[in-house]
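Asker: dropping a prediction and its sequence here:
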2 protein chains.
Amino acid sequence: MTLAYDSIEESVVTAILAGRLRPGTRLGEAKLAEIYGVSRTRVREAMMRLEARGIVHVSARRGWFIVEPSATEARAAFQARRLIEAGMLRALDHVPADAIAHLYAHVQEERRALDAGQVGSRTCLLGDFHIHLAHAFGNPFLTDILRDLTARTTLVSMLYQSDQHAAESSDDHDRIVALLAAGDFAGAATLMDEHIRRVEDGLDLAVARDPLAGLREILSPGAPAVSTAFPNAAISNAGGEET
Amino acid sequence: MTLAYDSIEESVVTAILAGRLRPGTRLGEAKLAEIYGVSRTRVREAMMRLEARGIVHVSARRGWFIVEPSATEARAAFQARRLIEAGMLRALDHVPADAIAHLYAHVQEERRALDAGQVGSRTCLLGDFHIHLAHAFGNPFLTDILRDLTARTTLVSMLYQSDQHAAESSDDHDRIVALLAAGDFAGAATLMDEHIRRVEDGLDLAVARDPLAGLREILSPGAPAVSTAFPNAAISNAGGEET
DNA sequence: CTGATCAATCTTGTATACAAGATTGGTACG
DNA sequence: CGTACCAATCTTGTATACAAGATTGATCAG
C-alpha cells in the first residue's frame, strides 16, 4: 500500500497504548522493514514522524527507541492532559445522546475486561476512553494531541508504576459519563481533573529513575530463578496501566 | 551539520509565523534541497515531520504544500488555542518577576514594530507573545503544541483575513501581562479567552473559501494593471496577521 | 585470570538511481 | 478556431549502495 509509514506509525502508537511496547524498547530499522515488507526508507519516514510527535527518539547511529519520560516530563504530560481534558469538558454545552451511549458502552467494555482479568485489553480500553471522549468533543486537533499525550502517560505508567487502580479508574470514567449525561459539565471537568491527578499521584515520581531498575530488581537476592523459555518476551503485555 | 532537517523544519515554521509563507505555497523538494545544500532525503525527512505536525501536507506526486485550513479547521484551531491558553493561565499560581519583565519587554517590542509600521516583524511578534507565554508556563509539551497551533492560526489569518486590529491585540497582550503581574490569573484567563475569540471573530469564516479568490480579485475588472517586476514575490510579507 | 586493544560485524546516516504519476506544451484533426 | 491527443519534462515515491560510527567478541599482554 502507499501509506506504509502511516501503518507503521499507527502500529507503534497502538502497541504503546495497549502496553505491548515498553519505554526504552529499541526499534531497529531493518527489523521493522522486514516486518512490514518495505525498505528502510519508509521505516525511517515513520520514525521521523513519530519523533516529531514525541513518541520515539533517535540516538545517533545507535537506533530508535521508545521514549522514556523523565519524572519532570511525566508531570508535564499529566498536567497537559489535565488541562486539556478538563478544559474540553468545561467547554461543552451539549452532548448528543448517541455519544453518551457510545461512552457508556465503552465503560461497560472496560468492566468486562476488568472482570475477566484481561490486562492487555484493559490497559488499552482505559486509555482509549479518554481518546473517545476527545473524539466526542469533535475537535480533531485536540483529539490528535490527546492521543499522543495519552501514549506518553501510558509509557510513564509503565516506568513509574507503583499502584494501579484499574477498577477505580473505570469507576471514575463511569461517573464522568454520568455527569455528562446529566448536563453537569463543570462537575465532569472537576472530576476529570481529580481523576487524572489520582492516576498521577498513584505513581512513584519522587524516586529518581534508575535505568537499571528493571534488571536490578530481577537480579536482586531472593528473586526467583527464571525458568520460562522466554525470559523477556517482547510481544506479551508489559504491565503498564493507563487511566 | 547533522541536524539539517531540524533546520529546515524550524525555518518553515518560523517563516509561517512571520507571515512570509502563505497557505498553499508549494515546497519543492529539489528547491529546498538546493537552498539548504543537502539531498532530497533530508528535505523529505523534514517534510514528513512537518506533516506529522500538521504544518504541511503532501499531494501525491504533486508536491508538498503549506496547509490551507478550511473554515471548520480554522474554528477548531482557535478553539484549541483558547482552551489551552486560558487553561494555562487559570492553572497558574505564581509568575516570577523576571518572567513578567520579559513579557512586558515583548509587548513593548510589539508597540515599537506597530508604531514603525513594520508589518513583518509585527506579525511575528504578535504570534510570538503567545509562545513566550506558553514558555513562561514551563510545560514544554504545551509550548510545542501551542507553537504548532499558532502557526496554523497564523495561516488561517492569512486566508480569511478581514480586519486585523494589530493595535488592539497588543493592548490585550499588555492587559493580560498586567493581570498576571497583579496575580489575577482567573482574570487573565478570561481576558485571554476573549482576546483569542476577538481575533477569530475578526475573520471572515462564514464565506465559503474560494481557491481562486486571490487570482479572481487580482483579475477583477477595474483592478490596476500589474507593473512591478516581481508580481508575486514569494519572499516578501504575505499580509497575514496574528493575534 | 583480568583488562585493554583491535578487528569483524552490525546499524544508522546520506546520497543517488530509477520508476511512475502529473503537468505542460505542441500538434494534428475536426 | 477549438479540442483532443500525445510526447517531453518535471516531480515525487521507493529502493539500494555506500560511508561512518557503535557494538561486540576475540586475542594478547601483564
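Answerer: That came in fine, so what should we check first? Numbering: from 1, shown residues only, chains lettered A, B, ... in the order given.
Asker: how many residues are close by residue A:175?
Answerer: Using other CB atoms under 10 Å in any protein chain shown, residue A:175 has 16 other residues around it. Just so you know, the C-beta spots here come from the backbone N, C-alpha and C atoms, and that holds for glycine as well.
Asker: typo on my end, it should be residue A:100
Answerer: Neighbour count for residue A:100, taken as other CB under 10 Å: 16.
Asker: likewise residue A:91?
Answerer: 18.
Asker: which strand or helix spans the nearest residue to it once chain neighbours are set aside?
Answerer: Of all residues not flanking residue A:91 in the chain, residue B:83 sits nearest, at 6.0 Å (CB to CB, 6 or more residues apart in numbering or on different chains). Under the criterion of DSSP states H and E, residue B:83 resides in helix B:71-91.
Asker: next one: residue A:204
Answerer: Using DSSP H and E, residue A:204 falls outside every helix and strand.
Asker: now do the closest residue to it other than its chain neighbours against residue A:126, distance only.
Answerer: In this structure, residue A:204 finds its nearest non-sequential neighbour in residue A:162, 4.2 Å apart by CB to CB, 6+ apart. Using CB to CB, to the nearest Å, residue A:162 is found at 17 Å from residue A:126.
Asker: likewise residue A:84?
Answerer: In terms of CB to CB, residue A:84 sits 18 Å off from residue A:126.
Asker: more neighbours: which of those two?
Answerer: Taking other CB under 10 Å, residue A:84 and residue A:126 do not tie; residue A:126 has more neighbours (28 against 25).
Asker: and the pLDDT at that one?
Answerer: The model reports residue A:126 with a pLDDT of 96.
Asker: where's it, which helix or strand?
Answerer: If you go by DSSP H and E, residue A:126 is part of helix A:119-137.
Asker: wait, what's in contact with the closest residue to residue A:160 other than its chain neighbours?
Answerer: Once flanking residues are discounted, residue A:160 sits nearest to residue A:203: 4.2 Å by CB to CB, 6+ apart. With contact set as CB atoms under 8 Å, 6 or more residues apart in numbering or on different chains, residue A:203 has these partners: A:74, A:156-157, A:160-162.
Asker: buried ones in the helix or strand containing residue A:8, by neighbour count?
Answerer: According to DSSP H and E, residue A:8 maps onto helix A:4-17. Along helix A:4-17, these residues count as buried under the neighbour rule (16 or more other CB atoms under 10 Å in any protein chain shown): A:4-5, A:8-9, A:11-13, A:15-17.
Asker: same question, stretch A:24-43
Answerer: For stretch A:24-43, by 16+ other CB under 10 Å, it's A:25, A:27, A:29, A:32-33, A:36, A:38, A:42-43.
Asker: still on that earlier bit, distance to chain B and pLDDT added to the buried residues of helix A:4-17, as a markdown table?
Answerer: Formatted as a markdown table, the buried residues of helix A:4-17 follow (distance: CB to the nearest CB, whole Å; pLDDT from 0 to 100):
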| residue | distance to chain B | pLDDT |
| --- | --- | --- |
| A:4 | 13 | 62 |
| A:5 | 8 | 66 |
| A:8 | 12 | 96 |
| A:9 | 8 | 97 |
| A:11 | 15 | 97 |
| A:12 | 13 | 98 |
| A:13 | 11 | 97 |
| A:15 | 18 | 97 |
| A:16 | 16 | 97 |
| A:17 | 17 | 96 |
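Asker: show me which pair in the residues you listed is furthest apart.
Answerer: Using CB to CB, the pair of these lying farthest apart is A:4 and A:17, separated by 20.4 Å.
Asker: now do the strands in chain A.
Answerer: A:26-27, A:56-59, A:63-66 (DSSP state E).
Asker: what about the ones you listed, which gets the closest to chain B?
Answerer: strand A:56-59 (10.8 Å; CB to the nearest CB).
Asker: how far off centre is the closest one?
Answerer: 18 Å (CA atoms, centre = their mean, to the nearest Å).
Asker: likewise for stretch A:178-197?
Answerer: Per CA atoms, centre = their mean, the centroid offset for stretch A:178-197 relative to its chain is 21 Å.
Asker: specify the beta-bridge partners of the nearest residue to residue A:58 once chain neighbours are set aside.
Answerer: The shortest distance from residue A:58 to any non-neighbouring residue, by CB to CB, 6+ apart, is to residue A:64 (5.3 Å). Here residue A:64 shows beta-bridge partners residue A:27, residue A:58, assigned using DSSP bridges.
Asker: I'd say residue A:64 and residue A:26 touch.
Answerer: Yes. Counting by CB atoms under 8 Å, residue A:64 does reach residue A:26; the two are 7.0 Å apart.
Asker: thinking again about what came up before, only whichever of the contacts of residue A:203 are buried, select them in ChimeraX.
Answerer: In ChimeraX, this line selects whichever of these come out buried by 16+ other CB under 10 Å:
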select /A:74,156,157,160
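Asker: contacts only, for residue A:59.
Answerer: Per CB under 8 Å, 6+ apart, neighbours of residue A:59: residue A:65.
Asker: so which bits of chain A are right by DNA strand D?
Answerer: A:2, A:4, A:38-42, A:60-62 (CB under 7 Å from any atom of the strand).
Asker: domain parsing for chain A?
Answerer: Domain segmentation of chain A under automatic domain parsing yields A:4-66, A:71-201.
Asker: please produce JSON lines containing these, extended by distance to residue B:169.
Answerer: Formatted as JSON lines, these follow (distance: least, CB to CB, whole Å):
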{"stretch": "domain A:4-66", "distance to residue B:169": "29"}
{"stretch": "domain A:71-201", "distance to residue B:169": "22"}
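Asker: measure the residue nearest to the spatial centre of chain A to DNA strand C for me?
Answerer: In chain A, the residue lying closest to the centroid (CA atoms, centre = their mean) is residue A:154, at 3.0 Å. As judged by CB to the nearest atom of the strand, to the nearest Å, residue A:154 and DNA strand C stand 23 Å apart.
Asker: that residue touches residue A:126, doesn't it?
Answerer: No. Look at residue A:154 against residue A:126 with CB under 8 Å: they stay out of range, at 9.1 Å.
Asker: please identify the residues of chain A in proximity to DNA strand C?
Answerer: Residues of chain A that fall close to DNA strand C, judged by CB under 7 Å from any atom of the strand: A:27-30, A:40-41, A:44, A:58, A:60-64.
Asker: mind redoing it with 6 Å?
Answerer: Applying CB under 6 Å from any atom of the strand, we find that chain A lies next to DNA strand C at A:28-30, A:58, A:60-61, A:63-64.
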